[in-house]
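Visitor: Predicted model and sequence below, questions to follow.
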Amino acid sequence: TATAAAAASHEEGVGGSDGEGSGLEFQLRDRAASSAAEREYEMLATTMAEPGDVDPIAPLYSMKDIRAFEGGLQPGDQVMGSYDRCSIVTPYLELTGELLIAKNNFYFKHDALGPDKDPSLIYGSQLDPGQLPHWSNTLIREIHLRRYLLQHNALELFLTTGETFFFAFQSTAERDAARASLMQQRLPLFIDYNDEIVRNDVTDRWTKGMISNFEYLIFLNKLAGRTFNDLTQYPVFPHIIADYTSVELQMNNPATFRDLSLPMGAQDPVRLEKFKEKFEQLKEMDDKPYHYGTHYSNSATVLYFLVRLEPFSRLARELQGGHFDYADRMFHSVATVWDLAARISHSDVKELIPEFFYLPEFLTNVNQYDLGQRQNDEHIDNVVLPPWAHGDPRRFILLHRFALESRYVSRSLQLWIDLIFGCKQTGPAAEAAFNVFQPLSYEGSTDINATENTVDREAKWSVVRHFGQTPRRLFDRPHPARQSSRPYPALGDPDGQLRDVLWHRLVESAVRSVVVGEGQSFSALGACQVVVPPQRTLAVLWGGWDECVRCCAIDSHREVCVIPRLADGRPTCACFTDTGSTLCVGDSMGVIDVFAVTTDHRRRFEAQLVTTLCAHTAAIVCLAVSTSFYMLVSGSEDGTAIVWDTVRRVYLRTLGGHEGAVTAAAICHSTGDIATVCIKERASRLRLWTINGALVGAIDTATRVTSVLLSSFSPGVHVNVIIAGFDNGFVRLWEILGLRPVCELRDPRFTVPVRALAITPDEANLITGDDDGRIVCWGHR
């Protein structure tokens, strides 16, 4: 948000429409894990320095080979470095080939593929014949040095589009040369910090309660080399809850939570004694002693948890010789996972994965796989949830997230960080904390390539691949505790609900959109206008007699430029991404024009048409875009809402079943939930959808909904809400979980349709705009 993450990357093909298929679930999985952390704290983008860095060496390649590739390069591009026998590593596919780093782009030419390998899962979009798969260097935001199979030979690139690429090289020197070659190119969006400075600054922000526990754990995993691209180094999250029997979860009861000062193998004193005996026996044998013969995170654990989602279902079957594992060994109950890892099993000490805190889909057998029948005749289907989840995966995920952000966990999380990433990971402190694992799981434990015996070398490689790898150690001293666990209340929280009109002002004309700045400053625009972020000094206008789209200065109304359009339809609506780099314009023919936008502080504005999106059969009425999830939602008079991928610029799915025209839409930027509003006779129906197109619920209203907004608070920290403005001047709020009514805002002075909604940056107040040109600030005194 993971997101979070954390969190996000294009890693799977697009699923079917109307909720069918599960490709989108995996495609958007990593974006959720990382987006929240990146949105709250941009300095998560960092490049890690590894100990013992060597001077980069010049790559060795044949100019004859380079000339052979020139025909597939982009016009004017020039190869600066070539690295053959390189691999792109993903959980579902590993492609070997050659990495080309050029002046403007980086390219990858894969070797010949078998019929079962689809490179489009990695490359994302279809490429023109004769062109090599390529990505612009200007999109590179982060470059991280990585390990692959415990060897310092990998590089992970993070792009501003949400895509990530994990490249494994033949040696450390070749990896370092590739990084040096990339750093010599023009990387305008690249952020390069000394990792010690970034780590200390982020840790300081966490201790002050400025970023959430989820975001901080995503950051630590990223810094420690954990990645969604390699199942053997998958991000690790802690077990939080120890109560899986109560009907209601008591967040104020310490007995609800696990002991974060101890690893999973030490949660039960009786079982711990057996692990201690094993350690002493190995010590007496003059061997490298350890407490646990299994690891808390490995590829089998990831597949065990994600077996109901593709491509993990296929990978799990491959691991078991073409079929699913025995039903009694399948992931079937959350409570059983805890019982096995905390007290029952003599080998299971697994922790959790980030999906337990943001992805309800992995708990549901959405693809209707036959997962077998247990010995007690119980058929394996959806995961059995604890009673306090009330049978609802979304409720389980949200309550689990609230538990992660609770006061108890916030005060104790640093103890778990010491075990996994810190001073108790290795050495005498690890032994004292009963936290020693199989020696081959640790960085630098052995040089496998130096093992002369072939059988022994292959055995060690097998252990690394399947046993698990301990994260890179980040802290040598005890991690500081959190000083503050709860920030100020937001407008959806019980102690922060809206009640009062704090102020109201009149502007010149009816308000159709409001953009709120710091200190409750705002820009109010009328019909057929949208402000250009982030400077907010320009606005895009349409609806004139010539049906053109124009950019004008807000203060002087001076025309800056006319935006060229190729479509024949009349412009009907428009929206910008948060960064202002993309403009989407819908028209009366059901077509959406997508423009790449360039602006500067001198009010220059350039827009270049990059694609047109076509799927609707009637006029586009509304548009909503999320930069966090690279997603666009369009609503039309044809009664459909369509979800588009803004990176690949392709259709994802249709949100159908609307009784009339879809007049409003909104996206939650922290969860990916979607709200749509359709006309239903003289009233409206408000629907809430998951990011994967599943209908959560619907609300029928007696009066027309004229505007809708989803809050984007950090899940688990604040309660997210749906906010709707009505044609009678009322405003109503509902919780996203269960669609429970929160409050209704009304004032006898305000009786005309509410057309604009915005939340202030401090997340405490709501700004509304109506047809009378009135701007109202709602809050609590």
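Guide: That came through fine.

Visitor: now the strands for the stretch 51-200 of the chain?
Guide: Counting by DSSP state E, counting those that start in this stretch, one finds strands in the stretch 51-200 of the chain at the ranges 79-89, 94-102, 105-110, 134-136, 140-148, 151-159, 164-168.

Visitor: among those strands, which is nearest T612?
Guide: strand 134-136 (21.3 Å; CB to CB). Where you see a C-beta, it was placed from the backbone N, CA and C, and this is true even at glycine.

Visitor: That closest one: which residues count as buried?
Guide: Buried positions in strand 134-136, judged by neighbour count with 16 or more other CB atoms under 10 Å: 134-135.

Visitor: for stretch 91-104, same thing?
Guide: Going by neighbour count (16+ other CB under 10 Å), the buried part of stretch 91-104 is 91-93, 95, 97-102, 104.

Visitor: coming back round to it: tabulate the strands of the stretch 51-200 of the chain in a markdown table, adding columns for mean pLDDT.
Guide: Formatted as a markdown table, those follow (pLDDT from 0 to 100):
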| stretch | mean pLDDT |
| --- | --- |
| strand 79-89 | 91 |
| strand 94-102 | 91 |
| strand 105-110 | 90 |
| strand 134-136 | 90 |
| strand 140-148 | 90 |
| strand 151-159 | 92 |
| strand 164-168 | 94 |
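
Visitor: Would you reformat those as a markdown table and include distance to F214?
Guide: Supplementary listing: the strands of the stretch 51-200 of the chain in a markdown table, determined by distance: least, CB to CB, whole Å:
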| stretch | distance to F214 |
| --- | --- |
| strand 79-89 | 25 |
| strand 94-102 | 29 |
| strand 105-110 | 31 |
| strand 134-136 | 29 |
| strand 140-148 | 19 |
| strand 151-159 | 19 |
| strand 164-168 | 19 |
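
Visitor: So which of these is nearest E606?
Guide: Between E606 and the strands of the stretch 51-200 of the chain, the shortest separation by CB to CB is 17.2 Å, and it involves strand 134-136.

Visitor: what residues are up against E443?
Guide: Taking CB atoms under 8 Å, 6 or more residues apart in numbering as the criterion, E443 is in contact with 147, 150, 469-470, 472-473.

Visitor: try 10 Å
Guide: For E443, the contacting residues are 147, 150-152, 224-225, 425-426, 469-473, taking CB atoms under 10 Å, 6 or more residues apart in numbering as the criterion.

Visitor: What helix or strand is it located in?
Guide: Here E443 sits in a region with no helix or strand, counting by DSSP states H and E.

Visitor: ok, now how distant is it from S523?
Guide: 51 Å (CB to CB, to the nearest Å).

Visitor: Without its sequence neighbours, what residue ends up closest to Y244?
Guide: Using CB to CB, 6 or more residues apart in numbering and skipping residues adjacent in sequence, the residue nearest Y244 is A335, 3.6 Å away.

Visitor: how about low-confidence regions in the stretch 551-700 of the chain?
Guide: Counting by pLDDT under 70, the stretch 551-700 of the chain contains low-confidence ranges at 566.

Visitor: same question, the chain
Guide: Scanning the chain with the threshold set as pLDDT under 70 gives 1-71, 114-116, 120-121, 124-130, 193-195, 445-450, 485-488, 495-496, 519-520, 566.

Visitor: thinking I88 is in contact with L95, fair?
Guide: Yes - taking CB atoms under 10 Å as the contact criterion, I88 and L95 are neighbours in contact, 4.7 Å apart.

Visitor: anything in contact with each of those two?
Guide: Among the neighbours of I88, those also in contact with L95 (CB under 10 Å, 6+ apart) are 108, 110, 119, 122-123, 133.

Visitor: Could you export stretch 695-708 as CSV, CA atoms only?
Guide: Once non-C-alpha atoms are left out, stretch 695-708 reads as follows in CSV (Å, rounded to 0.1, in the frame of the first residue of the first chain):
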residue,chain,number,x,y,z
LEU,A,695,-19.4,-5.4,-5.7
VAL,A,696,-19.1,-4.6,-1.9
GLY,A,697,-22.6,-3.2,-1.5
ALA,A,698,-25.1,-0.6,-2.6
ILE,A,699,-27.0,2.3,-1.0
ASP,A,700,-30.3,3.6,-2.4
THR,A,701,-31.0,7.2,-1.8
ALA,A,702,-34.4,9.0,-1.8
THR,A,703,-32.9,12.1,-3.5
ARG,A,704,-30.3,12.5,-6.3
VAL,A,705,-26.6,12.2,-5.5
THR,A,706,-24.8,15.1,-7.3
SER,A,707,-21.3,14.4,-6.1
VAL,A,708,-19.3,11.6,-4.5
